[in-house]
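Asker: okay, here's the prediction I keep looking at, along with the sequence it came from:
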Amino acid sequence: MTATRSGTTGGSPLLADLLPWSAAPLRLGRSWVLAPDRASLTARWDRLVQAGGTEREALFGPSRARTPHSAVAALPGGTTGTGRFTRESGRCPPPRRVLHGPFDEQWLIPDHRLIDAARPELWRVADEHQLFALEQGYVPQGEGPALLVTGLLPDGRSAGGGPGRIRPLYRRPGAAEPNVAPGLLALLSLRYGHEVGAEELLAWAVAAAVPSPEGPAVPLTADPDVWASGVALGRRMTEIQLRGARGGERPRLPGGRRPYVRAAIPARPEEIAYEPEDEALLLGTGRISPVPHGAWEFTVSGVRVLDAWFERRTAPAEPGTLEAIRPAAWPQEWTSELLELITVLALLAELRPLQKELHGGPEIGREELRAAGILPVPAAARRPASVLDHHEEGPDGQFALI
């Protein structure tokens, strides 16, 4: 179901009304700083720092925002140098696990000198308590969820269509100060007869959000029983997407339905395909089954997730570039990650019919939120909080004060 402000669900608030502070997606500026494996990143770094002069500049990939001569502050919480990269000769900083687009967990070199727009405000609040709501790009008639969630630092890349926004659940580290429209949780608590917290609101949004050209819309049911069902569903969907993070269980399909490698994946699989009659996923001569049809057909913004995941690991790179430094053969860890991804997609696909049951009843609409003084959201709530409680190193070792 697609929601607009003038359609049948036109009274539904947008996610931007509920979680007002957001950041744009990260803009890396150079693809070689991100990889599906850590070893490639350290090898790329070593190759770069061993080069000098014009070769280092060419390998770096200068942009208007970053060159090897740029003076840049350190990323919050990082330990990387802030001297100009042209003088860098040290070791690669430990790569950081990030979410690259929908469902694709990769590794990033967390060095501000290498990233055009890293969105430091997100790094300041990214800790073990944080959750990020990820708007997915709107594509007319495109299938797939409007909203995803992760505990990793996300780059916000959209599978298709325009990029969505990244909305942290908390405005400060340590799960302090929910990023929720002022007064909203109190109103929902009154309507549903129990205290509603930020994570309960997010769980509802994960289950109930629908795509809209203006960003995901989140119908707020007026029925406490429907709300309870949606929150339980959203919590399950969130647990699946977190993949065992924050003390949860790693996703698993029931016995007999778990995917296994039936034929070894070759060193360089060139294509991915699906045999629906045998529920088999083919990677070259490799074979994985059973793979439920729902996992194979799972799309985000109209893009099939498994196709995109495979392409990011097998698309050719220009010889001589840093991006061309990659595993010589398909790593075992990629197979393990693929099996888990299949499981995640299969479990989420099974829950889709339950999501549709949340819509159609009476709602707490935008007009009621306006009457309660919750909308419009105050401008201050749409800006990041001042969370700096220590010095951050600025360019060339100076201290940045915020």
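Answerer: Nice, I can see it. Numbering: from 1, shown residues only.
Asker: every contact and neighbour count from this point should use C-alpha atoms.
Answerer: Noted.
Asker: now do the helices in the stretch 51-200 of the chain.
Answerer: Using DSSP state H, counting those that start in this stretch, the helices of the stretch 51-200 of the chain run over residues 53-60, 120-125, 184-192, 198-208.
Asker: compare the ones you listed and give me the one nearest residue 258.
Answerer: Among the helices of the stretch 51-200 of the chain, helix 198-208 comes nearest to residue 258, with 24.5 Å by Cα to Cα.
Asker: for the closest one, C-alpha coordinates in CSV please.
Answerer: Presented in CSV, the C-alpha positions along helix 198-208 are these (Å, rounded to 0.1, in the frame of the first residue of the first chain):
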residue,chain,number,x,y,z
ALA,A,198,10.9,5.0,21.7
GLU,A,199,11.8,1.4,20.8
GLU,A,200,8.1,0.5,20.9
LEU,A,201,7.4,3.3,18.5
LEU,A,202,10.2,2.2,16.2
ALA,A,203,9.0,-1.4,16.2
TRP,A,204,5.6,-0.2,15.1
ALA,A,205,7.1,1.9,12.3
VAL,A,206,9.2,-1.0,11.1
ALA,A,207,6.1,-3.1,10.8
ALA,A,208,3.6,-0.5,9.6
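Asker: what packs against that helix?
Answerer: strand 147-150, helix 224-242, helix 332-356 (3 or more Cα pairs under 8 Å, 6 or more residues apart in numbering; DSSP states H and E).
Asker: could you point out which element follows the last one?
Answerer: In other words, helix 332-356. helix 366-371 (DSSP states H and E).
Asker: same question for the second one.
Answerer: Per DSSP H and E, the first helix or strand lying C-terminal to helix 224-242 is strand 260-263.
Asker: and that following strand, average pLDDT?
Answerer: For strand 260-263, mean pLDDT is 98.
Asker: now stretch 216-236
Answerer: Rounded mean pLDDT across stretch 216-236 is 98.
Asker: domain assignment for the protein?
Answerer: For the chain, the structural domains run 29-76+83-93, 260-316+329-356, going by automatic domain parsing.
Asker: including mean neighbour count, could those go into JSON lines?
Answerer: JSON lines is the format used below for the domains of the chain (neighbours: other Cα atoms under 10 Å):
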{"stretch": "domain 29-76+83-93", "mean neighbour count": "18"}
{"stretch": "domain 260-316+329-356", "mean neighbour count": "17"}
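Asker: distance between the ends of stretch 54-68?
Answerer: One end of stretch 54-68 to the other measures 10 Å (Cα to Cα, to the nearest Å).
Asker: re the thing from before, compare the helices of the stretch 51-200 of the chain and give me the one nearest residue 81.
Answerer: helix 120-125 (15.6 Å).
Asker: other SSEs contacting that closest one?
Answerer: Judged by 3+ Cα pairs under 8 Å, 6+ apart, helix 120-125 is in contact with strand 170-172.
Asker: give the partner strands of the strand it packs on in its sheet and their orientations.
Answerer: With DSSP bridges as the test, strand 170-172 is paired with strand 176-178 (antiparallel).
Asker: what is the mean pLDDT for the partner strand?
Answerer: So the average pLDDT for strand 176-178 ends up being 96.
Asker: give me the buried positions along it.
Answerer: residue 178 (16 or more other Cα atoms under 10 Å).
Asker: middle-most residue in the chain, spatially?
Answerer: residue 154 (4.1 Å; Cα atoms, centre = their mean).
Asker: would you check how far apart it and residue 96 are?
Answerer: Distance, residue 154 to residue 96, using Cα to Cα: 11 Å.
Asker: the spatially closest residue to residue 184 that is not a sequence neighbour in helix, strand or coil?
Answerer: Nearest residue to residue 184, sequence neighbours excluded (Cα to Cα, 6 or more residues apart in numbering): residue 374, at 6.3 Å. Assigned with DSSP: H, G, I helix; E, B strand; the rest coil, residue 374 falls in the coil class.
Asker: for the closest residue to residue 69 other than its chain neighbours, phi and psi?
Answerer: Excluding the flanking residues, the one nearest residue 69 by Cα to Cα, 6+ apart is residue 84, at 5.3 Å. Backbone torsions for residue 84, taken as degrees, to the nearest 10, come to phi -60, psi 140.
Asker: I figured residue 84 hits residue 74, correct?
Answerer: No. Using Cα atoms under 8 Å, residue 84 is not in contact with residue 74, being 11.3 Å away.
Asker: can you list residues touching both of those two?
Answerer: Both residue 84 and residue 74 are in contact with residue 113, where contact means Cα atoms under 8 Å, 6 or more residues apart in numbering.
Asker: and residue 25, how close does it get to residue 136?
Answerer: For residue 25 relative to residue 136 (Cα to Cα), the value is 11 Å.
Asker: the two: which is more packed in?
Answerer: residue 136 (30 against 20; other Cα atoms under 10 Å).
Asker: so that one makes contact with residue 159?
Answerer: Yes. Counting by Cα under 8 Å, residue 136 touches residue 159, with 7.5 Å between them.
Asker: which neighbours do these two share?
Answerer: 300, 301.
Asker: okay, which residue of the chain is out on the far edge from center?
Answerer: residue 53 (36.4 Å).
Asker: what's next to stretch 326-342, contact-wise?
Answerer: So stretch 326-342 is contacted by 40, 103, 251, 259-260, 265-269, 291, 295-296 (Cα under 8 Å, 6+ apart).
Asker: tell me, what's touching residue 25 and residue 136 both at once?
Answerer: In contact with both residue 25 and residue 136: 163, 164, 165, using Cα under 8 Å, 6+ apart.
Asker: pretty sure the second one contacts residue 146?
Answerer: Put plainly, it is residue 164. No. Residue 164 lies out of contact with residue 146 (Cα under 8 Å); the separation is 9.6 Å.
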